[in-house]
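Chemist: here's my sequence, what's the structure:
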Amino acid sequence: MEKNKCLAIWMDHSNAFLMELTKDTIVTKTIISESLDQEEEYSSDKHEKLIHKKEQHQLLSYYKKLSDSIRNYQEVLLFGPTDAKKELLNLLKSDHLFEKTKIDIENSDKMTESQMYTFVREFFK
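Modeler: This next block holds a predicted model:
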């Protein structure tokens, strides 16, 4: 199977905007992380540990969805305001399926859709 060329992902811990760059267009897809019900109370250490474990599981599930989307690309840019991009990069580096995929990370603030598109076009020039 031939890999597509370029994919950029603006991401934080709650959502990701995947932008596939083709010759003249950018096709965007969104992946949203599941979130815990914020009304749960932290009444004990045991309960707090359970919530932390659930959060970690949900974050790994989110990263798994992203890695499945990245699998068919030769070059990937991860960018955004949080450490989520670094966490995902570390998971991808440990997976042999991504050995031949060029993955870069860049820091950026929150952006509008047009700012993201400009950033992506400039990066892949």
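Chemist: can you show me the strands along this structure?
Modeler: For the chain, strands defined by DSSP state E occupy the ranges 4-11, 15-21, 26-32, 73-80, 102-107.
Chemist: in the shortest one, which residues are buried?
Modeler: Buried residues in strand 102-107, counting neighbours by 16 or more other C-beta atoms under 10 Å, are found at 103, 105. Using the backbone N, CA and C atoms, a C-beta is placed for each residue, glycine as well.
Chemist: got the contact list for it?
Modeler: With contact meaning C-beta atoms under 8 Å, 6 or more residues apart in numbering, strand 102-107 is reached by 70, 74-81, 85-86, 89, 92-93, 123.
Chemist: lowest average confidence, helix or strand, in this structure?
Modeler: Lowest by mean pLDDT, DSSP states H and E among the helices and strands of the chain is helix 45-70, with a mean of 86.
Chemist: now the angle between strand 102-107 and that helix, please.
Modeler: Interaxial angle of helix 45-70 relative to strand 102-107 (axes from the mean of the first three to the mean of the last three C-alpha atoms, to 10 degrees): 130 degrees.
Chemist: nearest to residue 58, out of the strands of the chain?
Modeler: strand 26-32 (11.0 Å; C-beta to C-beta).
Chemist: what helices and strands are in contact with that closest one?
Modeler: Here strand 26-32 touches strand 15-21, helix 45-70, helix 113-123, going by 3 or more C-beta pairs under 8 Å, 6 or more residues apart in numbering; DSSP states H and E.
Chemist: one more time with 7 Å
Modeler: Judged by 3 or more C-beta pairs under 7 Å, 6 or more residues apart in numbering; DSSP states H and E, strand 26-32 is in contact with strand 15-21, helix 45-70.
Chemist: buried residues in it?
Modeler: For strand 26-32, the neighbour count (16+ other C-beta under 10 Å) marks residue 31 as buried.
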